[in-house]
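**Q** Quick one: sequence and predicted model below, then my questions.
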Amino acid sequence: QEDDRYDLVSFRYRVMAVFLPMATGLGAALEVIIIAILVGLIIMIWLVPMVLARAVCMAAGTFSYFSVPRKEIPSQACVAEKLSALGPRGEVNRGSIPQLRGSASSLRNDGRRSSAPTQGSLAFSKQVEEFLPLIIPTSEAVQIAQDVASCTQRLIQTVVPEARVEGFANGSFFRGSAFAVAVPEVEIIVCVDPGVLLHRLQDKLTHNQGPTGRLDMRMVQKTALRVFTELLVSQGNFKFRRSAFRCAEPKVTLMASIESRLCSKAIPIDFAVNCMVPLHNVCLLEACGEVFPQSKVLALLVKRWAKDRGVCHAPSGHLAPYAWTLMALYFLQVGATDEAMLPPLQGVKAHDSFAVRWGAALPEGAKQPLDKTGQGRAPVHAGELFRGFLCFYAYEMDWAKEVVAVRLGRRTPPSLTQSSQRQAVACIEDPFEPSRNIGAGVTPEGLARTQEELVRALALLDRGAPLAQLLDPWMQWSNSL
């Protein structure tokens, strides 16, 4: 019996030695299969709606991805044709681009093309007129910008009592827009004498001294911006979003949350120290609005279009918002009609403020400006001006041979004596500082993207597309899509 019991136990052990590894391997394989099935289900649940939506939208000729607005995906041939029309520096090769209907020449009554607006252009102009009240800065927007400036000033004066803070609302931000954080509509500027900054921030500037013990004023500006930003984030209702210290004028983007009955949400703002661009922009638009009110409207519409289409972010190598303002004013001087709608504009600095002086004696080649009072001037719709602006910079402007100079009010080549214009991809002169090129940071890729957007907008207008399609937010899709 003991032998039988021993044989039974031995048999059991032999069976376990054979089948236990098999069972263990089957269990592990079963776990792998179950995990693979779960991962496959998750991928299917995520991909099926996207594939179905893409199939439906591709059948309709557009592409959509969940809540992203509809966007046209150009074909490879279309993209190649556009790129072949751009020179090595981003200039337009006019011989390779066909003339589109509704170009800037449609604004001229010179016999080449009728100046009478078509039914499609009238419909587009009506859409523009209905859209403008949504982007023009309201009194509430201006008041909120002032409230943010007051809150900022109270905090900064704890460190630099001599500092003065100003707020500017460049557009309405209540309805929101694409890339609202990348290109905020509110700018907050700290104005303080550089000598005062050296005195108040002396302990924080010692590490910025060079071998000779001298301080770089640009480093002083950056240090002050860092100190003020840390103060606002730590002691105020501000949140840091991004910085752009490599730009010509360093700035920081913040989200400001203020207690106001006018606005309960956080507002994106651009924060800078001793930055003069917002002051120049406001002074120019106010002065031009007195001569030709549609100039302010055109500048707002152009900047909103450039912002929505992703070609208004200077740190990315594109044109800055101030550059788009100067381009709109320059178009009204040299490209809108046979007679200039704006005279030459000379920026003048008087103490702590800025002013605009109208060009009295027009140089040779400049167009005769219309009457400053506006008497006898035929009304021009903002939609027609916008169409002319697009065509002028898409097909008539040669960035390699021309500089945007509202100070001169005429078409002129870049100055070979100024290094800022001699090597730049795009030359845009600041009327307050003629030696400064606002387009110095534009890259060839950024200018090429701008040219593509100009051509796209004109093609859509030629097909009678609505304004909403022109302002579809730009989204960068990979080639695999």
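**A** Yep, that arrived.

**Q** I'd like to know how many residues surround Arg411.
**A** Using other CB atoms under 10 Å, Arg411 has 20 neighbouring residues. Heads up, the C-betas are built off the backbone N, CA and C, glycines and all.

**Q** Which SSE is immediately downstream of the strand or helix carrying Asp147?
**A** Using DSSP states H and E, Asp147 sits within helix 139-156. Remark: after helix 139-156, the chain's next helix or strand is strand 164-169, criterion DSSP H and E.

**Q** So which bits of the helix holding Asp147 are buried?
**A** Within helix 139-156, the residues scored as buried using 16 or more other CB atoms under 10 Å are 141, 144-145, 147-149, 151-153, 155-156.

**Q** So which residues of the stretch 151-300 of the chain form strands?
**A** 164-169, 186-191, 238-244, 251-256, 267-273 (DSSP state E, counting those that start in this stretch).

**Q** could you redo those strands as JSON lines and give each row distance to Ser435, mean pLDDT and mean neighbour count?
**A** JSON lines is the format used below for the strands of the stretch 151-300 of the chain (distance: least, CB to CB, whole Å; pLDDT from 0 to 100; neighbours: other CB atoms under 10 Å):
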{"stretch": "strand 164-169", "distance to Ser435": "24", "mean pLDDT": "92", "mean neighbour count": "20"}
{"stretch": "strand 186-191", "distance to Ser435": "22", "mean pLDDT": "93", "mean neighbour count": "23"}
{"stretch": "strand 238-244", "distance to Ser435": "22", "mean pLDDT": "90", "mean neighbour count": "16"}
{"stretch": "strand 251-256", "distance to Ser435": "21", "mean pLDDT": "91", "mean neighbour count": "23"}
{"stretch": "strand 267-273", "distance to Ser435": "21", "mean pLDDT": "92", "mean neighbour count": "24"}
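
**Q** And Ala394, its phi and psi?
**A** Backbone torsions for Ala394, taken as degrees, to the nearest 10, come to phi -80, psi -40.

**Q** where exactly do the helices run in the stretch 201-350 of the chain?
**A** Using DSSP state H, counting those that start in this stretch, the helices found in the stretch 201-350 of the chain span residues 202-205, 217-235, 277-291, 294-308, 321-334.

**Q** out of those, which comes closest to Ile135?
**A** helix 294-308 (5.2 Å; CB to CB).

**Q** averaged over its residues, what pLDDT does that closest one have?
**A** Averaging pLDDT along helix 294-308 gives 92.

**Q** can you give me the angle it makes with helix 277-291?
**A** 140 degrees (axes from the mean of the first three to the mean of the last three CA atoms, to 10 degrees).

**Q** Run through who's touching helix 294-308.
**A** Where contact means CB atoms under 8 Å, 6 or more residues apart in numbering, the residues beyond helix 294-308 that reach it are 128, 131-132, 135-136, 170-171, 177-179, 183, 285, 288-289, 312, 318-319, 321, 324-325, 327-329, 331-332, 341-342, 380, 382, 385-386, 389, 450, 453, 457, 470-474.

**Q** Give me the angle between it and helix 321-334.
**A** Using the same axes, to 10 degrees: helix 294-308 against helix 321-334 is 140 degrees.

**Q** Which pLDDT value goes with Gly376?
**A** On pLDDT, Gly376 comes in at 46.

**Q** Going forward, the N-terminal residue is numbered 43.
**A** In the new count, where the first residue is 43, that last one comes out as Gly418.

**Q** Lovely, talk soon.
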